[in-house]
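Trainee: Generate coordinates for the sequence data below:
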Amino acid sequence: MIKESLGNTDLLKLPKTAFLCSRQVPASVVLKCYDWAIEQREKGNCVISGFHSQIEKDVLHYLLKGKQPIILALARGLKEKLEPEFEKPLEQGRLLIITPFDKSVKRVSSQNAQTRNQLMTTLADQITIGYASQGGQLEELLKGIEKPINKIV
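Mentor: You can find the predicted model right below:
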């Protein structure tokens, strides 16, 4: 399932909430997602996400300001160089970067994102959806899941 990882693998033992959000998001959803992220940060909840879409990146921005655990699931192999904002959380043992791909996978594709999202929903105890576009891949992914699914909107 997980091919490679970097960081504190003990985070996998924690209760985890997967956060997923479609790339196209109505403006009315954006602030609600930010509020959700701040709430998770304040409660110290572990969030697992690809942090790939713009709204997911924004959620990561809010989470990184806290002390709670974060699991970043990549839709590609591990990178050679890490983003500077990941260094401190890795040192603090509150960040884990995982991927279902080996280093030879350099680009994110739609198929890779689906594989990554399946991994996240399998590892998570519950799922929070910022927004799912009607008829999109995210809506399709959620159909077979029998875990608690919370929709922000």
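Trainee: C-alpha from now on. contacts and neighbour counts both.
Mentor: Fine.
Trainee: For the helix or strand bottoming out on mean pLDDT in the chain, which helices and strands make contact with it?
Mentor: In the chain, no helix or strand scores lower on mean pLDDT, DSSP states H and E than helix 137-142, which sits at a mean of 90. Judged by 3 or more Cα pairs under 8 Å, 6 or more residues apart in numbering; DSSP states H and E, the packing partners of helix 137-142 are helix 110-123.
Trainee: Mind giving me the packing neighbours of the helix it packs on?
Mentor: Going by 3+ Cα pairs under 8 Å, 6+ apart, helix 110-123 lies up against strand 16-20, helix 137-142.
Trainee: and of those, who's closest to P148?
Mentor: With Cα to Cα as the criterion, P148 lies closest to strand 16-20 of the helices and strands packed on helix 110-123, at 9.7 Å.
Trainee: what angle do the very next helix or strand once past that closest one and strand 16-20 make?
Mentor: Remark: after strand 16-20, the chain's next helix or strand is helix 27-43, criterion DSSP states H and E. Relative orientation of helix 27-43 versus strand 16-20 (axes from the mean of the first three to the mean of the last three Cα atoms, to 10 degrees): 160 degrees.
Trainee: Is it possible to get JSON lines of the helices and strands packed on helix 110-123 that adds distance to M120?
Mentor: Shown next, in JSON lines, are those (distance: least, Cα to Cα, whole Å):
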{"stretch": "strand 16-20", "distance to M120": "6"}
{"stretch": "helix 137-142", "distance to M120": "11"}
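Trainee: So which of the ones you listed is nearest K79?
Mentor: strand 16-20 (21.6 Å).
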